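Engineer: Sequence and predicted structure below; questions after.
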Protein chains: 2
Amino acid sequence: MAPVSALLRRHLRVHQIYGANTDVGKTIFATALCRAAAKLCKAESTSFLKPVSTGPSDEADSWSKLTGHDQTHIKRYAPSTADETLFQYDVACSPHSAAIRSGKISDSVSRRAALGPGWLFIETAGGVHSPGPSGTPQADLYAPLRVPAILVGDSKLGGISQTIAAFESLKLRGYDIDTLLLFQDEQYQNHLYLRDYFSTRADVSIETIPSPPRRSDDDSLETKTMMSYYDLTSSSDTMSRVLENLDRRGKDRIARLESMSDKASKSIWYPFTQQKHLSPDRISAIDSAHGDFFQVLTPEKSSANADDRPLLQAAFDGSASWWTQGLGHANPRLTLAAAYAAGRYGHVMFAGTIHEPALALAETLLREMRNPRLSRVFYTDNGSTGCEVAIKMALRAARTRYGWTAEEKLDILGLRGCYHGDTMGAMDCAEPNPFNEKVEWYEGKGFWFEYPTIRCFNGEWLVDVPSSLRGDLGNGAGFDSLSGVFELGARTKSDTFDDYKRYIHSTLERLHAEGRKFGALMIEPIILGAGGMIFVDPLFQRALIDVVRENPHLFGRAVSSAPQDENTWAGLPVVFDEVFTGLYRLGRFSASSLLGTHPDISVHAKMLTGGLVPLCATLASESIFSAFEGDEKSDALLHGHSYTAHAVGCQVAVESLREMLGMESRGAWDWAKADGWVTDQQHPQDINGMVPGPSGGLDDPTITQPVWSMWPREFVEHLSGQVPKVTGVWALGSILAISMAAKDGAGYESNAAAGLQTFLGKGTGSWNAHTRVLGNVFYVMASLTTSQESIKDMQNLLLEALKE
Amino acid sequence: MAPVSALLRRHLRVHQIYGANTDVGKTIFATALCRAAAKLCKAESTSFLKPVSTGPSDEADSWSKLTGHDQTHIKRYAPSTADETLFQYDVACSPHSAAIRSGKISDSVSRRAALGPGWLFIETAGGVHSPGPSGTPQADLYAPLRVPAILVGDSKLGGISQTIAAFESLKLRGYDIDTLLLFQDEQYQNHLYLRDYFSTRADVSIETIPSPPRRSDDDSLETKTMMSYYDLTSSSDTMSRVLENLDRRGKDRIARLESMSDKASKSIWYPFTQQKHLSPDRISAIDSAHGDFFQVLTPEKSSANADDRPLLQAAFDGSASWWTQGLGHANPRLTLAAAYAAGRYGHVMFAGTIHEPALALAETLLREMRNPRLSRVFYTDNGSTGCEVAIKMALRAARTRYGWTAEEKLDILGLRGCYHGDTMGAMDCAEPNPFNEKVEWYEGKGFWFEYPTIRCFNGEWLVDVPSSLRGDLGNGAGFDSLSGVFELGARTKSDTFDDYKRYIHSTLERLHAEGRKFGALMIEPIILGAGGMIFVDPLFQRALIDVVRENPHLFGRAVSSAPQDENTWAGLPVVFDEVFTGLYRLGRFSASSLLGTHPDISVHAKMLTGGLVPLCATLASESIFSAFEGDEKSDALLHGHSYTAHAVGCQVAVESLREMLGMESRGAWDWAKADGWVTDQQHPQDINGMVPGPSGGLDDPTITQPVWSMWPREFVEHLSGQVPKVTGVWALGSILAISMAAKDGAGYESNAAAGLQTFLGKGTGSWNAHTRVLGNVFYVMASLTTSQESIKDMQNLLLEALKE
């Protein structure tokens, strides 16, 4: 099954008819619409599609009795309408979205579109949430198709409420409701209230027709009465006005979509983009997104008569929208969490107040990090601001401990190629690189270590030692499996570990002798993301942390006499920037568990909200927090943003973490783990992290879990050896990274992976993949909810692309 | 009428019974609940409250026929229940929330609470959105009460959809749905589906009872049948299980609320807060917020027997939640906009893509700013990051123009007391002050002018010249009215303007001679917010901008030969940080219109989303944008956040701006303007900004609008002269600022306004005000939607406080 593309055609107006309730007259309105449409175009170009036949028991009330079986009714009163039923209700469909994903609806739309300009009305059964054959409510089932809705309102008693509620349920699934249709009920006059209600709240036109006549027992009389009812509705302008409005909105939607890239190229200043090279045709106009897929406007194909081609195509979101996606685009669970917080609080200023979502999120993070050092949560709006806060925290703690003045120049210890964000403080944590070298106020404030890296090549997992370090660290080694890399229990007993520690120690001694002062060790655990998807040998990071903590004398002489316990920071505050690597991106709640160690400060963003809204949490230990205690307000951490701990973000994060934790405990990724990553021979206790040392960690049950990836081991190892141009591969959690041979030299400004990206962007014809590259490194990233099937589809597309 | 407090009592369980549809059996469930409750406590402590009697025509279907008039039914079958109807349907109620705001419901709850432990069930009519007497849907009307809901599901055909839709509509108004009750329908079995549906989606228990018997025409038979039906439901455990669950949830809610401050004090690291002084009792536990009011847990009063006291009290959000609120807390319009974008997109990465909310917002901002210079929108997440982007833009543009190298030290020109945010780059734009002086990496990069300020004293609007400037600028002047201050048309022809310009020019000459290089003029127009609500003489800011633009030679010699037109920046890029002052905070879409001039870069956040979620837009001119054009990617503005242009924020902003613009064009603030600010004598063209000069502005119709405030002129001028301790007052747009005599010296660390704050925090007994102070400056801020009545309430409370 191909991914689902949204349904949009240039000359075929496709609409979906939803009812605010069962028995509101959907079939009567459908018939009236079909009759009116037949007058506007070739008769055979008006069609009525019932994706699922729900059988005679489905609608049993007055108007349903009147209309009987929908298609029979439409055949009788709008005889030129083509109609089609795709599924029978009694056919059990599995997986649950088969009715959509099978492509039958899309095929049906294509057949109609080929006939030229026309109308297609898609029927739904019951109300908006009435379950489809699989049990999924229809509003959820059909949402990815992005077919504009015609909502038939409820004109009966209570119908005002039903109509507004149905409208809202559709809205919160991203539906555009193009029109609201309603019978004129003399008694309740719901249409008057609703017209007034929506006039100030939504861009939706409301049209009404008289209620249909009462049913007669005499069939021929019945037919005659109904026929004259339909003739009456046809002779009024109402239905043609409805169609004109629908047609205009359809045209407007397409015209807008087709103009957006051009307008954007003139009015948007894009992040991280040299716009000289970004011609409008290279800007993707995104209609919507669901699950793993964007719905993207397809480029004009000038050669063919393309009037009936699909205008939207599904594109796999291969960068997980800049690494943010955890639970899929447009996840109704997150939507409802956001809406609940918005409806309960809006935003509440956060100095000296507390609200449930902020407290619940803090408690969840502190509990699930399983890091006994962490006790405090500071909220900001994104990873960059969260890292700035982390640095402010660490520098103050170190300065207080070592008795330095505010004027003394403090640096941080980091790794080359690190990236912590784009605000100036975060930029200053990175060594000079193409991201910052032309930025006027940039001033790198640190020392950045070189280090051994990991890649899979020819099926072997190699430790690459950069040439400059080979004198100290030797030539590296290889492992049979990814698990081997993380067997820190064994590896910390090896000579390599001693070599790493000796090299780090002597470097720090030299820096100390030079008089340099450091206020933090700041690292991205395991993977340096923006730096080029660099997989650092975890043993090196572990050695770095251990050496820093074991050797306070290399940094200063403590002047504060604050009480110390095993959770007090030692040497330097250790900051983990887990903005990218945390919260299951590498398959675990915290990437720190892969190092079997605990940071003093930990920064979390991106997946924190499951991929919906910006939010960041910087977690810190009490020994860091207490450095800001004082009598003066100016001693405090005077940092804050207006929307600090905004309720919407916190509530969405609480819901996201609950869902992610639930997926882990339900074994949601067992299929991936079983795909070569976890073998029966592995004893959990061998895997890694069993040496507590100064880093703690033994009490953390998560560190004995296996390492795994959603990208099958066999596939990864195949790429690593069998595919020319590929110089290395790794996979961990939801990430797959492929290093390409780069004639023009590796690095951020290389274009080596661009060919791969271009091929994937063209795709299969029915779908494609939207990806990002980092110089010569191509990567693709899934959500936690990505199906095995989608992973397979991407694998196949990648293999084809690599053949080029 | 006092503001509405949410209803929460320690021993009275108050619940509101909502129906998923009309005719779902609300009265039967209410009766069964009353009967069950009567068994658990003193019989007279179970009550049934019908806020509005909707008359016999309201419910006309089968079960309603069965139950007839609700209270008659309950009286018959649960005879010990106390019941009360507050309003008759035929009484027209205005304003629309009279039923809530009159306090009748609250009074009724208080009477019940005084009777001791018990239950109170509040009835609704029809479905969740069925309109109350005023036309407002009930779910909106009752939302501020935060009474937990009992949702009676629909067990009939189509009822699955109705129940889910009603659930969602309540959720998106912040309701907690404590239980879902449903009849067991043999045919449809909706309860089975719904139990499964909600089990994975919500924390709501589902309980069912058998459907009631069919109605009999024989009244005594009818009574007998119903009585045995109720006896049956009573003898089963169902209803007592429901009540136990409701009781447990009620207790949990209170226990949680009462524990939150303590937990927060241990796990939250608060922004801008010296936590040494923040004992748990000073942390406000916020249950919810609606409109202008928080609902805050009231502190324990140990002296009295307080078991029946209200646990929540309304508190006016006097800082507009750190200056973010524009359209009130929990505005359903913004909630639905957020939910729509979440449901349509989730988040879509924004490098090289475009989606409707991001484009529509950019177009709206560029259009409504009415600044012909601005053509580009760069999105970030908050004002601080947006200001960093503005600085990066300006510095690059200046460096390119003047041919400086990336290594040369560039500063900015600003005003003393300015504030642009807490990330390092934004901090470096401010001169040393208590916010930054102890921050390790802070390094002020600029020259900051002193300047004359404005305050109202003794009814006169004075220009205060600081003593250091009196030699150059004289001793200041006074105006009869606030409008006079802004009559820049006349004032730019005055000697004062010449004095200002001469002083600024000579200062810049001196700095140039010292070899200092500047890359931007960056100011907060009119009001310096965090610096202490400082009202800068607009004539001075205007002079500063004019001098900078007229004298490029004071900054460098242009080396670039880029084409120039009237929209090209001159002298230095002029950056307006309108994060606080823009988007109607000062009564106008852009504060720049008050200066009759156009910046080259403009930063907008806070009210941008109406006060819901973080988002920032930095607008720039094409001449700034083109400075980043180059062949290299590294020439580009390499700044970006993962959630750049997140769809939820952009959609909410589009909706907010639409609403704000609509309010302006509907004259929504005419009541405020009429309150002394706008007089008939004023000719619009006299008011201000009519001198275009190098600053442009003549083409902007908004600059001829009057200046005004929501705080009445008479009140402001009264405070300024009649109240001891007050040394100055000003009001503009939604802000009122009061400078208090400070024995301990003015400034951020002063506590002079703290007494006022404390008094307001205690409030009237039925409500209070949550405010922030800035040293000796007390301020209070409204939303654009704040009513004249609430302003009056605040005025009276303030006057009382100032008597102390």
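Structural biologist: Cool, got the structure. Only a predicted model underlies this, so the values are computations on that prediction, with no experimental measurement involved.

Engineer: how about A:Lys711, secondary structure?
Structural biologist: Careful, residue A:711 is Trp; it's not Lys. Look at A:Trp711: counting by DSSP: H, G, I helix; E, B strand; the rest coil, its state is coil.

Engineer: Spit out the contact partners of it.
Structural biologist: A:Ala731, A:Ile735, A:Leu736, A:Ile791, A:Gln795 (Cβ atoms under 8 Å, 6 or more residues apart in numbering or on different chains). Placement of C-beta: from N, CA and C, glycine included.

Engineer: go with 7 Å
Structural biologist: Going by Cβ atoms under 7 Å, 6 or more residues apart in numbering or on different chains, A:Trp711 touches A:Ala731, A:Leu736, A:Ile791.

Engineer: Could you tell me the model confidence score at it?
Structural biologist: Looking at A:Trp711, its pLDDT reads 98.

Engineer: what's the answer for A:Glu44, then?
Structural biologist: Looking at A:Glu44, its pLDDT reads 67.

Engineer: Would you map the helices across the stretch 251-400 of chain A?
Structural biologist: A:320-323, A:332-344, A:356-368, A:383-402 (DSSP state H, counting those that start in this stretch).

Engineer: Of those, which is nearest A:Val723?
Structural biologist: helix A:320-323 (23.3 Å; Cβ to Cβ).

Engineer: Quick one: distance of the closest one to the chain centre.
Structural biologist: 6 Å (Cα atoms, centre = their mean, to the nearest Å).

Engineer: one step back: mind putting the helices of the stretch 251-400 of chain A in a markdown table, mean neighbour count included?
Structural biologist: Converted to a markdown table, these look like this (neighbours: other Cβ atoms under 10 Å in any protein chain shown):
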| stretch | mean neighbour count |
| --- | --- |
| helix A:320-323 | 27 |
| helix A:332-344 | 28 |
| helix A:356-368 | 21 |
| helix A:383-402 | 27 |
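
Engineer: Could you export the ones you listed as a markdown table, including distance to A:Leu243 and mean pLDDT?
Structural biologist: Rendered in a markdown table, the data for the helices of the stretch 251-400 of chain A read as follows (distance: least, Cβ to Cβ, whole Å; pLDDT from 0 to 100):
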| stretch | distance to A:Leu243 | mean pLDDT |
| --- | --- | --- |
| helix A:320-323 | 37 | 98 |
| helix A:332-344 | 31 | 98 |
| helix A:356-368 | 45 | 98 |
| helix A:383-402 | 49 | 98 |
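
Engineer: per the record, what domains does chain A have?
Structural biologist: With domains defined by automatic domain parsing, chain A comprises A:12-254, A:332-631+A:648-665.

Engineer: Least reliable of those by average pLDDT, please.
Structural biologist: Minimum mean pLDDT among those: domain A:12-254, a mean of 85.

Engineer: So what's the residue count around A:Ser787?
Structural biologist: Here the number of neighbours of A:Ser787 (other Cβ atoms under 10 Å in any protein chain shown) works out to 15.

Engineer: now A:Gly403: how far from A:Ser560?
Structural biologist: 7 Å (Cβ to Cβ, to the nearest Å).

Engineer: what do you get for A:Thr179?
Structural biologist: From A:Thr179 to A:Ser560 the distance is 70 Å (Cβ to Cβ).

Engineer: Comparing the two, which residue is more hemmed in?
Structural biologist: Neighbour count, other Cβ under 10 Å: between A:Thr179 and A:Ser560, A:Thr179 has more, with 22 against 13.

Engineer: How about the secondary structure of the more buried one?
Structural biologist: A:Thr179 - assigned by three-state DSSP - is strand.

Engineer: I'd say it and A:Arg248 touch.
Structural biologist: No. A:Thr179 is beyond contact range of A:Arg248, at 11.0 Å (criterion: Cβ atoms under 7 Å).

Engineer: Okay, strands next: where are they in the stretch 651-800 of chain A?
Structural biologist: Assigned by DSSP state E, counting those that start in this stretch, the stretch 651-800 of chain A shows strands spanning A:726-732, A:735-740, A:767-770, A:773-774, A:777-781.

Engineer: looking at these, which is closest to A:Thr423?
Structural biologist: strand A:773-774 (20.6 Å).

Engineer: show me where the stretch 651-800 of chain A has helices.
Structural biologist: A:670-672, A:684-687, A:713-722, A:754-762, A:788-803.

Engineer: For these, give me CSV that also has mean neighbour count and distance to chain B.
Structural biologist: Listed next are these as CSV, based on neighbours: other Cβ atoms under 10 Å in any protein chain shown; distance: least, Cβ to the nearest Cβ, whole Å:
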stretch, mean neighbour count, distance to chain B
helix A:670-672, 16, 19
helix A:684-687, 15, 29
helix A:713-722, 19, 25
helix A:754-762, 17, 11
helix A:788-803, 17, 16
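
Engineer: For the ones you listed, give me CSV that also has distance to B:Val678.
Structural biologist: Below are the helices of the stretch 651-800 of chain A laid out as CSV (distance: least, Cβ to Cβ, whole Å):
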stretch, distance to B:Val678
helix A:670-672, 67
helix A:684-687, 74
helix A:713-722, 71
helix A:754-762, 57
helix A:788-803, 61
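
Engineer: what are the ranges of the helices in the stretch 101-250 of chain A?
Structural biologist: With DSSP H, counting those that start in this stretch as the criterion, the stretch 101-250 of chain A has helices spanning A:104-114, A:138-142, A:159-171, A:190-199, A:219-235, A:238-267.

Engineer: Model confidence for the closest residue in space to A:Phe378 that isn't next to it in sequence, exactly?
Structural biologist: In space, and not counting its chain neighbours, A:Phe378 is closest to B:Trp269: 4.0 Å by Cβ to Cβ, 6 or more residues apart in numbering or on different chains. At B:Trp269, the model reports a pLDDT of 98.

Engineer: Count the neighbours of B:Trp269 for me.
Structural biologist: B:Trp269: 24 neighbours (other Cβ under 10 Å).

Engineer: roughly how far apart are it and B:Arg282?
Structural biologist: 16 Å.

Engineer: Could you do A:Ala113 as well?
Structural biologist: 66 Å.

Engineer: Kindly report the same for A:Met427.
Structural biologist: 37 Å.

Engineer: okay, those two: which has more neighbours?
Structural biologist: A:Met427 (29 against 13).

Engineer: May I ask you to confirm that that one is in contact with A:Glu437?
Structural biologist: No. Look at A:Met427 against A:Glu437 with Cβ under 7 Å: they stay out of range, at 10.4 Å.

Engineer: Next one: A:Asp219 from B:Ala337, what distance?
Structural biologist: 50 Å.

Engineer: ok, now A:Arg396?
Structural biologist: Distance from A:Arg396 to B:Ala337, by Cβ to Cβ: 40 Å.

Engineer: Over to A:Glu566?
Structural biologist: 49 Å.

Engineer: closest one to B:His639 among the helices of the stretch 101-250 of chain A?
Structural biologist: So among the helices of the stretch 101-250 of chain A, helix A:238-267 is nearest, using Cβ to Cβ, at 17.7 Å.
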